[in-house]
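> no FASTA, just this:
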């Protein structure tokens with residue numbers, strides 16, 4: 001596939017991402033009006049979409065695939081690190097809020113249990129990323145022939161299947177029983 005087609009796809013994908021990065025820009029610009037966890041998550045969102053935007057001109061420039069892969073990997077790693085840091089800050093903010101409620105004598109607010117759909121996605125999405133990484137690592141090691149391609153596909157399918165089983169089991173465990181059934 002030509003670089004121009006990939007650059008066009010990245011540009012269109014980035015333009016469609018405005019539903020995420022425009023609210024993230026508003027969160028970053030709001031500064032202290034937003035919780036720190038939300039601003040960090042917004043910075044991660046902007047980093048991810050900025051990486052996609054940066055890949056567009058890189059795909060049009062005469063650079064090697066290793067440079068493009070390095071930019072994409074660095075952007076993805078930074079975005080993931082910011083997302084993880086945001087989750088840590090969010091947990092800390094929730095604990096502080098619960099402590100304040102307890103000090104004021106109102107008891108602690110009850111956090112809703114994660115939904116089965118969310119639990120499913122929490123396992124499935126990293127599985128897809130891991131499967132892609134495994135397949136890429138297998139194909140990167142040598143000449144792409146039918147055997148290597150089949151091995152990469154089978155390894156990726158195995159990783160996805162393992163994460164899918166974990167996702168189904170975890171979602172089923174979190175399933176809330178219907179109150180009308182007894």
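Done, it's in. Everything numeric in this text was worked out from a predicted model, so none of it was measured. Numbering: from 1, shown residues only.

> now do the helices in the protein.
Taking DSSP state H as the test, the helices found in the chain are 3-16, 18-30, 36-60, 65-103, 116-140, 146-174.

> how many other residues sit next to residue 39?
20 (other C-beta atoms under 10 Å). No exception for glycine: its C-beta is placed from N, CA and C like everyone else's.

> please apply the same query to residue 118.
So residue 118, with other C-beta under 10 Å, has 11 neighbours.

> and it, how close does it get to residue 76?
As for residue 118, its distance to residue 76 is 22 Å (criterion: C-beta to C-beta, to the nearest Å).

> and residue 93, how far from residue 118?
For residue 93 relative to residue 118 (C-beta to C-beta), the value is 19 Å.

> apologies, that question was intended for residue 155.
Relative to residue 118, and taking C-beta to C-beta, residue 155 is found at 28 Å.

> how does the chain divide into domains?
1-111, 113-182 (automatic domain parsing).

> how about the contacts made by the spatially closest residue to residue 126 that is not a sequence neighbour?
The shortest distance from residue 126 to any non-neighbouring residue, by C-beta to C-beta, 6 or more residues apart in numbering, is to residue 163 (6.9 Å). Contact analysis of residue 163 by C-beta atoms under 8 Å, 6 or more residues apart in numbering lists 123-124, 126-128, 130-131.

> report how many residues lie close to residue 40.
Residue 40: 23 neighbours (other C-beta under 10 Å).

> quick check: closest non-adjacent residue to residue 52.
Using C-beta to C-beta, 6+ apart and skipping residues adjacent in sequence, the residue nearest residue 52 is residue 14, 4.6 Å away.

> the one you found contacts residue 57, correct?
No - counting by C-beta atoms under 8 Å, residue 14 does not reach residue 57; the two are 11.3 Å apart.

> of the two, which one has the most company?
Between residue 14 and residue 57, counted using other C-beta under 10 Å, the more crowded position is residue 14 (18 against 12).

> quick one: the more buried one and residue 54, what's the gap?
Distance from residue 14 to residue 54, by C-beta to C-beta: 9 Å.

> show me where pLDDT drops low in the protein?
In the predicted model, the chain carries pLDDT under 70 at residues 1-2, 114, 176-182.

> recalculate using a threshold of 50.
181-182 (pLDDT under 50).

> quick one: contacts for residue 111?
Residue 111 neighbours (C-beta under 8 Å, 6+ apart): residue 94.

> relative to residue 83, how far out is it?
20 Å.

> so residue 10 makes contact with residue 59?
Yes - using C-beta under 8 Å, residue 10 is in contact with residue 59, at 6.3 Å.
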